[in-house]
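> Sequence first, then the predicted structure:
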Amino acid sequence: MLRHSTGGNVSWSERHWSATGLQMAGGIVMGIMDDRILWARLYLEPGEEAGQDIDDADHYGKG
């Protein structure tokens, strides 16, 4: 888990999963009531092991 936050009855977390040949990144949003998870949504996408670093990217053609 990279970071998480809870506000009211909603909690979210940003996560990174890795295993041999697998890199995934995503987030989980959960509805919470009385310390129980009522619902959850998982958002997931493949991660890149090699590629351009975001700090080196050409932001909107300005660099």
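Okay, I see it.

> now the strands for this structure?
3-7, 10-19, 22-33, 36-46 (DSSP state E).

> and the third one, how far from the chain's centre?
Spelled out, it's strand 22-33. Relative to its parent chain, strand 22-33 has a centroid offset of 6 Å by CA atoms, centre = their mean, to the nearest Å.

> Kindly calculate the angle that it makes with strand 10-19.
Orientation check (axes from the mean of the first three to the mean of the last three CA atoms, to 10 degrees): strand 22-33 against strand 10-19 gives 160 degrees.

> List the buried residues in strand 22-33.
Ala25, Gly27, Ile28, Met30 (16 or more other CB atoms under 10 Å). Backbone N, C-alpha and C define where each C-beta goes, glycine included.

> Which strand residues bridge Trp17?
Met24 (DSSP bridges).

> confidence score at it?
On pLDDT, Trp17 comes in at 87.

> I'd like to know how many residues surround it.
11 (other CB atoms under 10 Å).

> In contact with it, which residues?
Gln23, Met24, Ala25 (CB atoms under 8 Å, 6 or more residues apart in numbering).

> of those, closest to Trp12?
Ala25 (13.9 Å; CB to CB).

> Might you report the residue contacts of Tyr43?
Contacts of Tyr43 by CB under 8 Å, 6+ apart are Gly26, Gly27, Ile28, Val29.
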